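> Here is a sequence with its predicted model. Questions after.
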Amino acid sequence: MKIKSLYISSHVVAAGKMVVTMGLMEFLKAKVHKVAFFRPFVKKKDFDEDIAFFMERYTLDMQAEQTYGFSVEEAERFIMDGRSDQMIKELIIKIKMLEESYDFVLIEGLHQSVFSNTIEMDVNLEVARHAGTPFVNILKGDREDASTILDDIVMEHDNIIHAGCKHFATFANRLGADTILELQKLLSQREDLPPVYLLQELNELDMPTIFEVRKSLGCGVLRADSSDYRRVVKHTKIAAMRLENFLEYIEDGDLILVPADRADIVAGAILAIKSNRYPNISGIVLTGKMELAKTIQEVLASFDTLPVPILTIHDDTYQVALKIEKVPAMIRAKSERKIALAMGLFNSAVDMEELNRLIQQENTTLLTPIMFEYSLFQRARAAKQKIVLPEGLDERILRAAETVLRRDVVDIILLGNRAEIRHQSGILGLDISKAEIIDPHDSPLLKKFAKEFYRLRQHKGITLDAAFDLVTSLSYFGTMMVQMGYADGMVSGATHTTQETIRPALQIIKTKPNTPIVSSLFFMSFETRVLVYADCAINQDPSAEELATIAITTADTAQQFGIEPRIAMLSYSTGSSGKGAEVEKVASATRIARRKRPDLLIEGPIQYDAAIDPVVASKKLPNSKVAGRATIFIFPDLNTGNNTYKAVQRSSGAVAIGPVLQGLKKPINDLSRGCLVADIVNTIVITAIQAAEEQS
């Protein structure tokens with residue numbers, strides 16, 4: 001299977017979601033070994049009917065805490081406090097952990113109407129989008145004509161796509177037979193929709209059983225066998241007539257409500273059923289505070305079995321009738337008859353071969369900021385690298401260090417005065433006890449680092465004393481730790497300039513073979529995809545040769561992070577439409593990059609709109625494999641790149657992760673001095689992944 005999960009939800013109550021979820025579960029259980037069931041939101045954490053059903057019915061090998069995320073109350077509090085991103089991140093972690101442990105995860109959302117009217121966001125679509133989970137929506141089609149239902153199908157499809165989700169299929173449920181025929185004709189003319197499955201209304205699925213009546217009303221039991229509880233209550237009848245008249249009105253599935261002193265009705269109903277000449281009622285409920293006459297009870301006790309269950313309740317008959325009207329119809333794990341009916345309905349409406357093909361072939365390409373961040377953390381956790389942070393007294397660095405340590409994704413070394421760092425973290429209420437703290441001034445590594453730096457730079461005229469002075473500085477000491485294997489990577493720049501970070505790296509670590517320059521990239525994380533921009537931080541005016549190197553290096557970095565490289569060499573001209581030195585530089589860089597790496601998809605010169613927009617691309621470069629689908633954008637100079645990434649970041653709300661330095665033999669990454677804690681956390685994690693890749 002390509003996809004690992006499906007998200008099922010409806011906007012309204014009683015849309016028949018249980019039938020669809022159960023049908024998909026039955027299908028999946030026949031295809032894969034381990035299936036998980038998850039509800040991001042539940043009304044109450046202590047018990048959820050759907051979770052209980054699927055855990056019992058399908059004997060799912062799951063712990064209770066794995067099956068749900070937040071209560072509705074908790075979710076609304078997160079959203080109202082402006083912390084919806086935090087909530088979604090925690091849900092994604094749970095979903096992805098399930099995807100790692102199970103062959104498939106079936107996710108069932110609560111219908112949107114459960115949430116407060118003040119919550120404007122569609123919480124189900126938000127979770128599905130960030131989880132990269134294809135979405136299955138369910139429409140309630142009763143009381144609607146075919147054309148109206150089709151309009152609803154199209155509208156929901158548009159909403160799902162607009163929300164940035166992959167629309168897997170629509171189930172239109174509770175339809176009349178004639179409506180289904182009309183809808184099938186209408187749908188045959190629409191090729192722009194995902195599969196639409198039409199399920200007929202089955203009234204019995206909306207009818208409670210004797211078990212549900214007894215449980216909801218708290219009835220006593222005068223006589224009943226275990227099998228009697230599965231009987232479906234189709235109608236409720238109050239026995240107020242004389243027996244001979246009442247028998248004319250009973251129907252199959254009736255639940256008879258009768259005062260306990262009407263022994264004639266009880267005896268007559270049983271005799272009528274025994275005679276095989278009257279309909280089979282589902283049960284009898286004796287109402288009121290009186291008891292059935294002892295003589296009648298003795299007669300009933302003489303039968304080994306009765307053809308009908310008899311319940312008791314002290315409420316008066318009218319009150320009982322009103323209460324039964326409100327008894328919810330449930331499908332329980334042992335509701336064999338209802339389950340069989342539901343599965344028959346599902347299987348008759350769904351093309352199983354098509355469903356199997358969809359799941360086998362479907363491969364979501366959606367990549368949201370939260371998904372990208374989650375994948376980074378998972379890879380970093382698996383590699384568990386040691387990252388040195390030279391700016392150990394900066395508040396943002398300390399907060400970021402605590403975050404990655406608590407998430408157990410990297411080991412951290414902080415540089416600086418131990419007492420000052422511990423004091424600062426204590427004032428901030430942070431726990432950095434798992435971090436190693438090294439003061440370069442009294443470190444036993446100082447002498448060793450100075451001698452090695454002297455060896456590396458003596459040809460440049462540096463003295464041993466000067467080497468000692470330099471390596472006591474935080475940036476140089478941290479870089480030496482990476483060079484000599486005491487750390488796997490370094491992140492700096494919260495208080496240091498870019499030059500203070502890069503200069504030691506160029507002097508000590510140096511660039512990779514065949515990579516003459518260090519360059520940078522930003523991961524630009526949009527709502528549904530992650531793009532790569534380079535170079536936006538280092539090289540002011542790269543030559544054609546350097547631009548080609550930046551493109552190739554960026555492609556290799558993108559592949560490290562799971563992004564398929566389709567490279568757009570940007571210019572103010574597309575193809576041969578424009579002239580000028582800048583256009584020729586980009587054209588030359590494109591030729592050089594293609595010659596050096598014929599395996600890469602590279603297009604240039606190309607304008608930004610033609611690179612990113614399929615409609616524009618179809619007009620300007622209709623035969624290009626990159627135009628309209630580019631994932632990597634190489635800017636011709638620093639002025640263009642830096643301004644563009646900031647403009648896009650601020651105007652679109654994209655998350656800019658970087659700058660990520662590339663081209664060095666070992667990973668050193670630079671921070672912006674205006675960076676946030678989240679930026680530092682992401683850069684630490686990226687550095688760890690780069691380090692692991694270099695070591696592999």
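Thanks, I have the structure now. If you're wondering where the values come from, they're calculated on a predicted model, not measured in any experiment.

> Just to be sure, V105 is in a strand?
Yes: using DSSP: H, G, I helix; E, B strand; the rest coil, the secondary structure at V105 is a strand.

> can you pull the contacts of it?
Shown in contact with V105 (CB atoms under 8 Å, 6 or more residues apart in numbering): K4, S5, L6, V35, A36, F37, F38, I95, L98, E99. C-beta coordinates here come from the backbone N, C-alpha and C atoms, glycine included.

> let's go with 10 Å and repeat that
By CB atoms under 10 Å, 6 or more residues apart in numbering, V105 lies in contact with 3-7, 28, 34-38, 94-99, 131, 133.

> and what of M87?
Neighbours of M87 in contact, by CB under 10 Å, 6+ apart: 40-41, 69-70, 74-75, 77-79, 81, 123, 126-127.

> tell me which element it is part of?
M87 belongs to helix 84-101 when assigned by DSSP states H and E.

> Identify each buried residue in that helix, please.
Neighbour-count burial for helix 84-101 flags S84, M87, I88, K89, L91, I92, I93, K94, I95, K96, L98, E99 (criterion: 16 or more other CB atoms under 10 Å).

> And the helices in the stretch 501-650 of the chain?
544-560, 581-596, 608-612, 614-620, 638-652 (DSSP state H, counting those that start in this stretch).

> what's the angle between the longest one and helix 638-652?
Orientation check (axes from the mean of the first three to the mean of the last three CA atoms, to 10 degrees): helix 544-560 against helix 638-652 gives 40 degrees.

> and what of the second one?
Note on geometry: by the same axes, to 10 degrees, helix 581-596 and helix 638-652 are set 90 degrees apart in direction.

> ok, now how distant is L600 from I550?
L600 is 13 Å from I550, where distance means CB to CB, to the nearest Å.

> Neighbour count: these two, which is higher?
Using other CB atoms under 10 Å, the more surrounded residue of L600 and I550 is I550, with 29 against 18.

> That one reaches Y533, doesn't it?
No: using CB atoms under 10 Å as the test, I550 is too far from Y533 to be in contact (11.1 Å).

> Now the common contact residues for these two.
Shared between the contact lists of I550 and Y533 (criterion: CB under 10 Å, 6+ apart) are residues S520, L521, I634, F635, G641.

> and the next element down the chain from the strand or helix carrying D50?
Here D50 sits within helix 49-57, counting by DSSP H and E. Next helix or strand after helix 49-57 toward the C-terminus (DSSP H and E): strand 68-71.

> For D122, give me its contacts.
Contacts of D122 (CB under 10 Å, 6+ apart): S9, H11, G109, Q112, F115, A128, R129, N159, I160, A163, C165.

> What distance do you get for the second one to L139?
To tie it back to what came earlier, the one meant is H11. 8 Å.

> what about those two, which has more around it?
The residue with more neighbours, out of H11 and L139, is L139; 24 against 17, by other CB under 10 Å.

> got the contact list for the closest residue to the more buried one other than its chain neighbours?
Excluding its sequence neighbours, the residue lying closest to L139 (CB to CB, 6 or more residues apart in numbering) is A172, at 4.6 Å. By CB under 10 Å, 6+ apart, the residues touching A172 are 15-16, 137-141, 144, 146, 149-150, 152-153, 156, 179-180, 183, 187, 196-199, 349.

> Could you tell me which of those residues belong to helices?
When DSSP state H is applied, the contacts of A172 are split such that A146, I149, L150, D152, I153, E156, T179, I180, L183, L187, A349 fall in helices.

> Could you tell me how many residues sit around the residue nearest to the first one when sequence neighbours are not counted?
I take that to be A146. In this structure, A146 finds its nearest non-sequential neighbour in E182, 3.6 Å apart by CB to CB, 6+ apart. Residues lying near E182 (other CB under 10 Å) number 16.

> show me the residues around E182 that make contact.
E182 makes contact with D145, A146, S147, I149, L150, L175, G176 under the criterion CB under 10 Å, 6+ apart.

> among those residues, which ones are buried?
Of the contacts of E182, these count as buried by 16+ other CB under 10 Å: A146, I149, L150, L175, G176.

> Just flag the most distant two among those residues.
Maximum pairwise distance among the buried ones among the contacts of E182 (CB to CB): 14.6 Å, between L150 and G176.

> For S425, which of the helices of the stretch 501-650 of the chain is the nearest?
Once the helices of the stretch 501-650 of the chain are compared by CB to CB, helix 638-652 is nearest, at 30.5 Å.

> And the contacts of that closest one?
520-522, 524-527, 531, 533-542, 550, 570-572, 582, 608, 633-635, 654-656, 658-659.

> Pull the distance from the very next helix or strand once past it to the chain's centre.
Once the chain leaves helix 638-652, the next helix or strand it forms, by DSSP H and E, is strand 655-662. Put simply, strand 655-662 sits 24 Å off its chain's centre (CA atoms, centre = their mean, to the nearest Å).

> just stretch 21-35 next, same as before
The answer for stretch 21-35 is 20 Å, by CA atoms, centre = their mean.

> For that stretch, buried residues please.
T21, M22, G23, L24, M25, E26, F27, L28, K29, V35.

> Surely the fifth one and T59 touch.
No: checked against CB under 10 Å, the pair M25 and T59 is beyond contact range at 11.7 Å.

> about what we covered before: any idea which of the buried ones among the contacts of E182 is closest to P328?
Comparing the buried ones among the contacts of E182 against P328 with CB to CB picks out L175 as the nearest, at 21.8 Å.

> Show me what that closest one is bridged to.
Q200 (DSSP bridges).

> Is it correct that it is in contact with L150?
No: contact between L175 and L150 fails when scored by CB under 10 Å: they sit 11.7 Å apart.
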